[in-house]
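Enquirer: Provide a 3D model corresponding to the input given below.
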Amino acid sequence: MTRSFVLTNHKGGVGKSTSATNIALGMVRMLRNVNAANTRVLLIDTDSQGHATLVTTGRNDFETDKSL
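Expert: Numbering: from 1, shown residues only. Model prediction:
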């Protein structure tokens, strides 16, 4: 079964990207601990600042044609 979680808020600086990144990491760790067959978690970062992308990949040099 596929599950989706969405974190949204119009106000900036409330921890949406930080929370989403930590939830994704926690889900991967939990799935690995129970030896799940598929431990993939997709995190989509639509924030214009790209904080979740920076945290998960260490890159902030994405170009506009490679970004949402």
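
Enquirer: Name the SS class of Tyr5, please.
Expert: To be clear, residue 5 is Phe; Tyr isn't right here. Counting by DSSP: H, G, I helix; E, B strand; the rest coil, the backbone at Phe5 sits in coil.

Enquirer: Just give the nearest non-adjacent residue to it, would you?
Expert: Ile23 (6.6 Å; CB to CB, 6 or more residues apart in numbering). Any C-beta I mention is one placed from the backbone N, CA and C, and that applies to glycine too.

Enquirer: my guess is the one you found meets Arg3, correct?
Expert: No - applying CB atoms under 8 Å, one finds Ile23 not in contact with Arg3, separated by 11.5 Å.

Enquirer: Those two: who's more crowded?
Expert: Relative neighbour count places Ile23 above the other of Ile23 and Arg3, with 14 against 5, counting by other CB atoms under 10 Å.

Enquirer: Now that one: which helix or strand?
Expert: helix 16-33 (DSSP states H and E).

Enquirer: In this protein, which residue is most central in space?
Expert: Leu43 (3.4 Å; CA atoms, centre = their mean).

Enquirer: Now that one: closest residue in space, sequence neighbours ignored.
Expert: Ala24 is the one closest to Leu43 (CB to CB, 6+ apart), at 4.4 Å.

Enquirer: before we move on, back to that, go through the helix holding Ile23 and flag the buried ones.
Expert: Lys16, Ser17, Ala20, Thr21, Ala24, Met27 (16 or more other CB atoms under 10 Å).

Enquirer: need the contact list for the residue lying closest to Arg32 once chain neighbours are set aside.
Expert: Of all residues not flanking Arg32 in the chain, Thr39 sits nearest, at 5.3 Å (CB to CB, 6+ apart). By CB atoms under 8 Å, 6 or more residues apart in numbering, the contact set of Thr39 is Val28, Leu31, Arg32.
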